[in-house]
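**Q** based on what follows, work out the 3D shape:
(one chain, ligands or ions: 1)
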Amino acid sequence: MRHGVSTEKARLAGLLHDVARLCSPQQLIDECSQRGMSIDALERSNPVLLHARLGAELARERFGVVDPDVLSAIAKHTHGDATMTPLDCVVYLADSLEPGRNFPERAALWELAQHDLAAAMHATLASMIRYLEQRGLAPAPQAAAAMSAFTPGKEPEKLPELIDIVREAALDKKGEDFAAIDVRDRTIIADVFAIVTGRSRIHVRSIAEAVAEAAERAGVHPRVEGLAEGGWVLLDLGGVVVHVFTPEQRSFYNIERLWSAVADRRARSS
Ligand SMILES: [Fe+2]
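**A** You can find the predicted model right below:
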């Protein structure tokens, strides 16, 4: 174990991280679409970028991997993300800095990664972004967010600020019954679930769009699911996952009670 990361998890993530890499561009688009996964403009013009997130899905479906730590590392191995665990970083760096890569600072970055994961993440992301920009290519927003998160001296997570941004945008659109649940001890999916209700599907969409725009303005690139359907829109902002429901869907799924139940079960079994 190094950097507090399980060797077994790192090995499994390393083994499966490129499981979707040989899919054709059209297959990547089709497979992601069939699973209801969001595809942003950059991914649509460069479908190969989807292989990381699709890879996590295939690892789960075809290889029975259920460990969220491993799935997260697979999903984030191409771009990084605003919030990354040490395992995410190890897999990202192992892939970006493997000896087959041929760029001048690779060996120095590899050396740095042996003893300072955060510094290696920042320097590697900066190198990758510089490489793209010199060629007139835009880096993925997730890569820029990751580099920002690993900027020395900067708080890795600006959670309270992000929750305030979400709350303000939702309430500005007359969202109802806003709630924020701290799930840090219960899952690695997110630190906080923010939940808000819209009176109708149109209202839900309008709230979700306002939250997404506010997050973008704050430099967080959200992944959005369910916008077309409108009954339950999920926005993944990294540390904060926002659920916007119609009253019926909120009552049906009742995720507040679900997560409280998880907490209760954990408390009883500990
Ligand atoms: Fe890859």
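
**Q** find the nearest non-adjacent residue to Ala208, please.
**A** Excluding the flanking residues, the one nearest Ala208 by CB to CB, 6 or more residues apart in numbering is Val233, at 3.9 Å. The way it works is simple: take the backbone N, C-alpha and C, and place the C-beta from them, glycine included.

**Q** that neighbour contacts Leu227, doesn't it?
**A** Yes: with the criterion set as CB atoms under 8 Å, Val233 and Leu227 qualify as a contacting pair; they are 5.5 Å apart.

**Q** centre-most residue in the chain?
**A** Ranked by distance to the mean C-alpha position of the chain (CA atoms, centre = their mean), the top residue is Gly238 at 5.0 Å.

**Q** and the closest residue to that residue other than its chain neighbours, what does it touch?
**A** Here the nearest residue to Gly238 in space, its sequence neighbours aside, is Ala82; by CB to CB, 6+ apart that works out to 3.8 Å. With contact taken as CB atoms under 8 Å, 6 or more residues apart in numbering, Ala82 is in contact with 142, 145-146, 148-149, 220-221, 237-239.

**Q** swap in Ile255?
**A** Each residue near Ile255 by CB under 8 Å, 6+ apart is listed here: 193, 195, 243.

**Q** which one of those sits closest to Gln249?
**A** Distance to Gln249 across the contacts of Ile255 (CB to CB) is lowest for His243, with 9.0 Å.

**Q** list the buried residues for stretch 141-151?
**A** Within stretch 141-151, the residues that qualify as buried are 141-150, counting by 16 or more other CB atoms under 10 Å.

**Q** please enumerate residues in contact with it?
**A** The contact list for stretch 141-151 (CB under 8 Å, 6+ apart) reads 42, 76, 79-84, 118-119, 121-122, 125-126, 128-129, 154, 156-157, 219-221, 238.
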